[in-house]
Each structure stands twice: as C-alpha cells, then as structure tokens.
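# when you get a sec, could you give me coordinates for this:
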Amino acid sequence: MTSLMKTDERYKKWISDVSKRFRQSQIKAAVKVNSEMLRFYWSMGRDIAFLSENAGYGSNFYKTISTDLRDIFPDIKSFSPTNLKYMRYFYEMYPDADEIRQQLVDESGSKGIGQQAVDQLEVIFHIPWGHHIQILGKCRGNSEKALFYVKKTIENNWSRAVLMNFLDTDLYERQGKAVTNFALTLPKDQSDLAQAMTKDPYNFDFLTLREQYNEKELKDALISKVENFLMELGTGFAYMGREVMVKIGDTEKFLDLLFYNARRHCYVVVEVKTGKFDSSYAGQLGTYVVAVNHQIKMDEDKPTVGLLVCKDMDKVEAQYALESSSQPLGVSSYVLSKLIPEEFKGSLPTIEEIEAELTENEGDNSD
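Model (predicted):
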C-alpha cells in the first residue's frame, strides 16, 4: 500500500471506486462475450440445419465441419462434432429467436432491451453454454420446458450443478402443481404467486430413512438436511423454526415447520404427514394458519399460507376439503426412495456409539 493510500482518504476512496467500476466492467464484458458467442452458435446451428436439409450432406458432415474449422482455428475447442450437433439442437429448439431479437431491436431502437427481452426468447442468450447443453439434453422437442429452465436459471442464478438437480427431479412437471384453494381465498395477483411456489410431488430423495419411518423421523431428517429442504421448497423460503408454539384458547399447539417466503412476503405453515391425506388435516392446518395471522404475522406481511405434505393423497378428496376452508391452503405429496431395510437398521451404529468409539480412539492415541 502506498503512502498516499495511507494518508489521503479522498485518494483512497477514489481507488476503491475505480476498482469497483473495473470489476463491474469485467462482469458486463463477460456477459456480452457470452451473449455474442451464443448468438454465433445459434447462427451456426441454423446454417448446419439448412445445409443438411438442402445440400444433402451425409452423416459425416459434422466431422467434416469440425476438421475444416479446426484447421483454421487450431486453438479453439468449440468446433468438436458433438458441440456442432448441440449448436443445431440450439437452433432447432428456438428457431424464431433471431426474429424475436430483431423485433425487440426495432421496438427499442438503440437502447438496451432490458426486462422486455428477459420475458421473451432473448433470455436464451443470457445463460452459459454449459447450462444450455444440459437443458437441450433433457428437453429435446419441448421449447416451453426448455425456456422454463432458462428463465429459472436467470431468476435464481443457478449453477450448472443446481440446474442439473432440478432437471433430474423434473421440476417443470412438478412446479405449481399442488392442489390448492388459492384462487378462492387470495386476490388474483397473490394467488398466482402462491400457486407458483408449490410443487407436487416434493422430492425428498436427499433423505435416507428406515422403511418403517414415522413422522418424527421424517421431520428430524428434513431439518438435519434443511439446506436441501429449502432448495426443494424453492427460492425465497427461509426456515423460521420447528414445533413453533401458538396458543389457541387455553391450549398450546405446535406447528410442524414454519417458513417465511421472501418473494411473496408471507409466512408458510408446513405440516408433514407420513400417511395418506385425510380431510380432517385441512381443518387443523386452517386453524394453525389463523393462529399465525393473529400471533406472528405483522401488518406488512401478506396472508399466511398453509401447506400440507403427505405421502399420498386422493386429489378429489383434497380439493373438496380445501374448498370448504376459508384459509389459503395447499396439499402436496412427496416421494422418497432411499429407504434402509428394517433388518439392517439394527446393525447401523447410533450417533452415541460413533461418538463413544471416537472418544475411545482419542484416548488410545494419547498413550
């Protein structure tokens, strides 16, 4: 650090400001480079599709293109036959992307496209190519599904690993699919947001339980893996507590799990059942939602929502039960595949046994 940095606060502040501006310009440049590269890949895919269909080139066409381009650009690794195929898939998934882009440019002139572009096909040029490869591999022939994952990646800043997780667990098919009464109990703008934050089924494959697990074991396991649970619930959920006490008359009741959704600005009461849905559960959950509204919710918060997650449900019974409630409630199922057979459960060491063995080993090593 120079003496000027140590003694002159104005100079020190200016240097700090320059460093921030430089980092911002680096990020903007990286985003622009990525966007231009994707536009090039899209145009390459369009050309390959046209030449294949109209010039009658055979199955070795990708290898031929790859060889010729690598001769010209020996240091560029983007022109492998496999990557060239993905460029074609990219174009075929979004064949109208260039027309959409031109339309947006015409409408906005030389100004930035901004949010208008994010809401249309322009979004495909805003995520890394590695993400696109994963999406193209899982969504062939379904551009609506592919765009769903593109937009989710942008909204939530998903890494490639997180994107792959949600592709593998079929988020597109599960998102917003809970049985709810939100349309009847919430204003239109709030009901849409509430519905979108649900899933059916929820995927609990990040848990490992014995075959005959009970509700306490399931809730214990969910909280021990709360980061995975929050990821499965979706962006915006914050864990507020387990067995949260509310007083109803002279009786103390305990909520299974309480969350806050920062996007919808509301509390979410989650009740977990290891059996099949029963209509009586809706009445219990509705009572808990009312209690949270009276005792925990602040004036600035939106109405509390209740979510019941069961091992199984009859959707007709669930819908009838929810229509009878005046509180915003949803019912979903869950899936869980990592179960330990009962005969092996007894052979697994407990936490206490593991700790005791570690303590004993430490004592042996001290000699």
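
# hmm, residue 336 is touching residue 202, no?
No - Residue 336 is beyond contact range of residue 202, at 9.3 Å (criterion: CB atoms under 8 Å). For every residue, glycine as well, the C-beta is placed using N, CA and C.

# more neighbours, the two?
Between residue 336 and residue 202, counting by other CB atoms under 10 Å, residue 202 is the more crowded of the two (22 against 19).

# ok, the more buried one touching residue 231?
No - using CB under 8 Å, residue 202 makes no contact with residue 231, being 11.2 Å away.

# below-threshold pLDDT in the stretch 51-200 of the chain: ranges please.
56, 58, 98-120 (pLDDT under 70).

# which residues does residue 337 contact?
Each residue near residue 337 by CB atoms under 8 Å, 6 or more residues apart in numbering is listed here: residue 205.

# let me know the pLDDT of it.
Looking at residue 337, its pLDDT reads 84.

# just the element for it, please.
In the assignment (DSSP states H and E), residue 337 maps to no helix and no strand.

# heads up, I number from 50, so please use that
Sounds good: first residue 50 from here, last item residue 386.

# roughly how far does it sit from residue 223?
15 Å (CB to CB, to the nearest Å).

# likewise residue 180?
Look at residue 180 and residue 223: by CB to CB, they are 20 Å apart.

# how about residue 257?
Relative to residue 223, and taking CB to CB, residue 257 is found at 21 Å.

# which one's more surrounded, those two?
residue 223 (19 against 13).

# who are the contact partners of the closest residue to the more buried one other than its chain neighbours?
Take residue 223 and drop its neighbours on the chain: the residue closest to it by CB to CB, 6 or more residues apart in numbering is residue 248, 4.4 Å away. With contact taken as CB under 8 Å, 6+ apart, residue 248 is in contact with 220, 223-227, 281, 283, 381.

# where do the helices sit along the stretch 50-199 of the chain?
Per DSSP state H, counting those that start in this stretch, the stretch 50-199 of the chain carries helices over the ranges 52-56, 58-103, 110-121, 130-142, 146-157, 164-167, 178-187, 192-205.

# I'd like to know which of those lies nearest to residue 312.
Closest approach to residue 312 among the helices of the stretch 50-199 of the chain (CB to CB): helix 192-205, 9.8 Å.

# what sits up against the closest one?
Outside helix 192-205, the residues within contact range by CB under 8 Å, 6+ apart are 142-143, 167, 170, 172-173, 175-176, 180-181, 184-185, 187-188, 207, 211-212, 215-216, 220-221, 224, 284.
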